[in-house]
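K.L.:
Prediction below, plus the sequence it came from.
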Amino acid sequence: MAILTSTTSGTARSTIRRVTVIGCGLIGTSVALALRAEGIRVTLADHDPRALSEAVRMGAGIALTLDEPPADVVVIATPPSTVPQVLRDAQSRELGAVYTDVASTKARILASAELAGCDLSRYVPGHPMAGREVPGAGAARAGLFTGRKWALCPCPATALYAVRAVAELVAACGAQVTLLSPSAHDRAAAAVSHAPLVMSAALSARFAYAAGQPDVLSLAGRGLYDVTRVAGSPPELWIDILEHNADAVADILEEVVDDLTAVAAALRAPEGSTSWGVVADLLVRGNLGRELIVDACAPAGQRRDPATAATAATAATAATAAAGTPAELEAA
């Protein structure tokens with residue numbers, strides 16, 4: 001599946017005038033704040049009156065009322081398992097002309113929405129690739145999506161005008177549209193977001209009972225802090241996300257487990273064995289992967305030419321093949 005990235009900038013004048021955001025958590029409130037900064041009228045709804053009140057106090061919009069005219073776009077910012085029912089309810093009430101969501105899984109939500117009888121022609125599944133490990137409206141930021149990618153995953157039934165409207169909303173939030181099929185999105189999200197969360201949690205869990213062992217964390221520094229940052233995310237939300245993308249996440253985790261098992265075996269091998277090539281291979285592949293991650297996250301004008309990256313990969317692979325044991329490397 002080819003990825004198409006829009007060139008629309010957040011500075012372009014949006015034709016969207018009214019947006020309703022359902023769900024006043026971190027992402028929903030951040031969307032609302034970003035749109036308000038662009039002069040767009042935003043109405044808010046949430047089943048939790050405290051969350052709604054906090055978002056209103058922050059200037060994210062006003063509470064949705066029965067006499068509010070239909071919005072140009074309705075943004076559903078609720079947990080994945082609730083999106084189909086919220087969408088069906090919003091469409092039955094004619095809250096807007098076009099609907100989207102911000103959940104981090106897509107295929108299962110879309111299938112459930114179809115079974116629920118939702119109008120898929122006016123629904124554009126979406127997922128902004130931005131967030132924080134701190135939940136709730138109080139953690140929301142108007143600039144959360146600036147320069148970030150925002151996946152849109154229309155299905156064959158989705159009307160073109162609906163995709164254009166949601167793409168305008170994304171641009172108004174300062175993000176860049178990436179078009180993917182729902183299944184391709186879920187595989188990509190498993191690799192770049194969902195599995196890394198589980199791996200971060202697994203590493204952090206090693207320190208769950210370190211409070212009674214002060215020496216354990218006495219040397220903790222920025223490296224450990226960075227790789228465990230997302231482990232602070234709310235478990236209840238991530239259980240829902242992982243359930244919706246279970247197979248794709250499990251595939252990635254099994255690959256990582258295979259690598260770690262091989263490295264653990266190499267580390268326990270007798271001194272002088274040739275198994276250290278396994279360790280070198282993982283470290284070199286790690287270097288290559290990190291370079292590609294940094295490149296993918298760089299502004300468009302600063303990304304490397306793909307041929308350059310391929311040349312670097314070939315050279316690194318050759319170096320890995322030639323690597324020996326630590327003793328051999330020292331002798332060389």
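P.N.:
Alright, I've got the coordinates. Residues are numbered from 1 along each chain as shown.
K.L.:
Chain neighbours aside, what residue packs nearest to the most centrally placed residue in the chain?
P.N.:
By Cα atoms, centre = their mean, the chain has its centre lying nearest to residue 129, at 3.9 Å. Leaving aside its sequence neighbours, residue 129 sits nearest to residue 149 (Cβ to Cβ, 6 or more residues apart in numbering; 4.5 Å). (Glycine included, C-beta is placed from N, CA and C.)
K.L.:
you'd agree the residue nearest to the centre of the chain is up against residue 185?
P.N.:
No - the pair residue 129 and residue 185 does not pass the contact test of Cβ atoms under 8 Å, sitting 10.2 Å apart.
K.L.:
any common contacting residues for those two?
P.N.:
Counting by Cβ atoms under 8 Å, 6 or more residues apart in numbering, the shared contacts of residue 129 and residue 185 are residue 151.
K.L.:
Show me what the residue nearest to residue 129 is bridged to.
P.N.:
Beta-bridge partners for residue 149, by DSSP bridges, are residue 176.
K.L.:
what about it, how many neighbours?
P.N.:
Residue 149: 19 surrounding residues under other Cβ atoms under 10 Å.
K.L.:
and if you look at residue 271?
P.N.:
There are 7 residues near residue 271, going by other Cβ under 10 Å.
K.L.:
same thing with residue 164?
P.N.:
Neighbours of residue 164 under the rule other Cβ under 10 Å: 12.
K.L.:
right, and the residue nearest to residue 129 touches residue 176 too?
P.N.:
Yes - using Cβ under 8 Å, residue 149 is in contact with residue 176, at 5.5 Å.
K.L.:
List the buried residues of stretch 241-261.
P.N.:
By 16 or more other Cβ atoms under 10 Å, the buried positions in stretch 241-261 come out as 241, 242, 244, 245, 248, 249, 252, 253.
K.L.:
again but with stretch 29-39, I slipped
P.N.:
Using 16+ other Cβ under 10 Å as the test for burial, stretch 29-39 gives 29, 30, 31, 32, 33, 34, 35, 36, 38.
K.L.:
And stretch 228-243, by the same measure?
P.N.:
So stretch 228-243, judged by 16+ other Cβ under 10 Å, has buried residues 228, 230, 231, 233, 238, 240, 241, 242.
K.L.:
Isn't the fourth one up against residue 136?
P.N.:
No - contact between residue 233 and residue 136 fails when scored by Cβ under 8 Å: they sit 11.9 Å apart.
K.L.:
Flag the shaky bits of the chain, pLDDT-wise.
P.N.:
Applying pLDDT under 70 to the chain picks out residues 1-14, 272, 300-332.
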